[in-house]
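1. Following is a predicted model, sequence given first.
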Amino acid sequence: MSLILKASRFAARRLGCRWLPLRKGQGVVSFSFDDVPASACLSGAALLEQYDARATFYICGQLTDGIEQHQPCHSVSDLQRLVASGHELGCHTFSHTNCANTPIARLRQDWDKNQAFFQQNDLPTNGFAFPFGAYRLGSKLAANRRFSYNRITGGGLQLERADLSALRAQALYAANTSADMVLSLIRQAAQEGGWLIFYSHEVTEQPGPWGTTPDQLDMALRIARQEHCQILPVQAAIDFFRS
Ligand SMILES: [Zn+2]
């Protein structure tokens, strides 16, 4: 890796942070879905609701009524139902744009387009998830000006404090997230008063590499409840830690 690339990655991670102290003494687990396949809106949301919990769904307006990775995507009525049931919607760019290598002016146009999509359909929205978890310092700062928080990927959880400019999230993928990992991360959140954010895509019996099964999602929800964590959508979790 070139020195310039290393320096720019270091700057992107270390600068433009917005710290939120996590001082509630209670663990929080959030569930989120990216892109979003219809199965996440249907099976995923239904499972959450069985636990009296809600999730955050990061939407690309361009994928609405479309197909992605052989999966049918959400419809506007799916999103309306999610909102009516108390779930949160967030922005994921309009075109699933890589924010690490797109000029900021183009990125802003793309965000505007997604915002127009939400407004046309009268859908409330809050927060942002970087597609692919990819960003650089410029896009992080531009996102900071526009969104109440930005979520990335990267794995693990936040302890003691969370960076609202780059909230770390853990994949919940049937193909490579083990039950042991789910259990140990939730226990750590519970014991240390941390905040664990899961992200996934489709929720089906035979998901692709980036999806989860109803059984795996159910297991994570059950463990979070057993460990006495709060289960909150991402913006609601921020409001909880701030309260
Ligand atoms: Zn995505």
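-> That came through fine. Owing to the predicted nature of the structure, the values given are computational and were not obtained by experimental measurement.
2. Nearest the middle, which residue of the chain would you pick?
-> Of all residues in the chain, the one closest to the mean position by C-alpha atoms, centre = their mean is Ser32, 4.3 Å from it.
3. For that residue, give me the backbone phi and psi.
-> Main-chain torsions, Ser32, degrees, to the nearest 10: phi -140, psi 160.
4. so how far is Ala55 from it?
-> For Ser32, the distance to Ala55 equals 6 Å [C-beta to C-beta, to the nearest Å]. Every residue, glycine included, has its C-beta placed from N, CA and C.
5. what's the answer for Leu157, then?
-> In terms of C-beta to C-beta, Leu157 sits 17 Å off from Ala55.
6. rewinding a little: which neighbours do Ser32 and Ala55 share?
-> Pro233 (C-beta atoms under 8 Å, 6 or more residues apart in numbering).
7. ok, Leu157 and Ala55, which is more surrounded?
-> Ala55 (28 against 22; other C-beta atoms under 10 Å).
8. Which residues are in contact with the more buried one?
-> Per C-beta under 8 Å, 6+ apart, neighbours of Ala55: 30-33, 44-45, 48, 87-88, 233.
9. what are the bridge partners for the residue nearest to the centre of the chain, then?
-> Bridge pairing for Ser32 (DSSP bridges) gives the partners Thr56, Tyr199.
10. same thing with the one 5 residues further on?
-> Applying DSSP bridges to Pro37 yields these beta-bridge partners: Cys73.
11. didn't it look like it was pressed against Ser200?
-> No - checked against C-beta atoms under 8 Å, the pair Pro37 and Ser200 is beyond contact range at 9.5 Å.
12. and for these two, which residues touch both?
-> Gly211.
13. I'd like the mean pLDDT over the helix or strand hosting Ala45, please.
-> Using DSSP states H and E, Ala45 sits in helix 45-50. What helix 45-50 shows for mean pLDDT is 98.
14. Tell me the buried residues in that helix?
-> Buried residues in helix 45-50, counted by 16 or more other C-beta atoms under 10 Å: 45, 47-48.
15. can you check stretch 107-123 too?
-> In stretch 107-123, counting by 16+ other C-beta under 10 Å, buried: 107, 110-111, 114, 117-118, 123.
16. Sort out which one of the contacts of Ala55 lies nearest the ion for me.
-> Proximity of those to the ion (C-beta to the ion) peaks at Phe33, which lies at 9.5 Å.
17. For the closest one, which non-adjacent residue is spatially closest?
-> Ala40 (3.9 Å; C-beta to C-beta, 6 or more residues apart in numbering).
18. contacting residues for that neighbour?
-> If you count contacts by C-beta under 8 Å, 6+ apart, Ala40 has them with 33, 57, 74, 200-203.
19. from those, which are also near the ion?
-> Among these, not one lies near the ion by C-beta under 5 Å from the ion.
20. who wins for neighbours among these?
-> Phe33 (32 neighbours).
21. Surely it touches Gly44?
-> Yes - applying C-beta under 8 Å, one finds Phe33 in contact with Gly44, separated by 5.9 Å.
22. For the two, list the residues in contact with both.
-> 55, 200, 203.
23. Show me which of those is closest to the ion.
-> Ser200 (10.6 Å).
24. Now the terminal residues of stretch 55-67, how far apart.
-> Distance across stretch 55-67, first residue to last, is 22 Å (C-alpha to C-alpha, to the nearest Å).
25. List the buried residues for it?
-> Buried-residue list, stretch 55-67, by 16+ other C-beta under 10 Å: 55-64.
26. Show me which pair in those is furthest apart.
-> Spatial extent of those (C-beta to C-beta) is set by the pair Ala55 and Gln62 at 21.4 Å.
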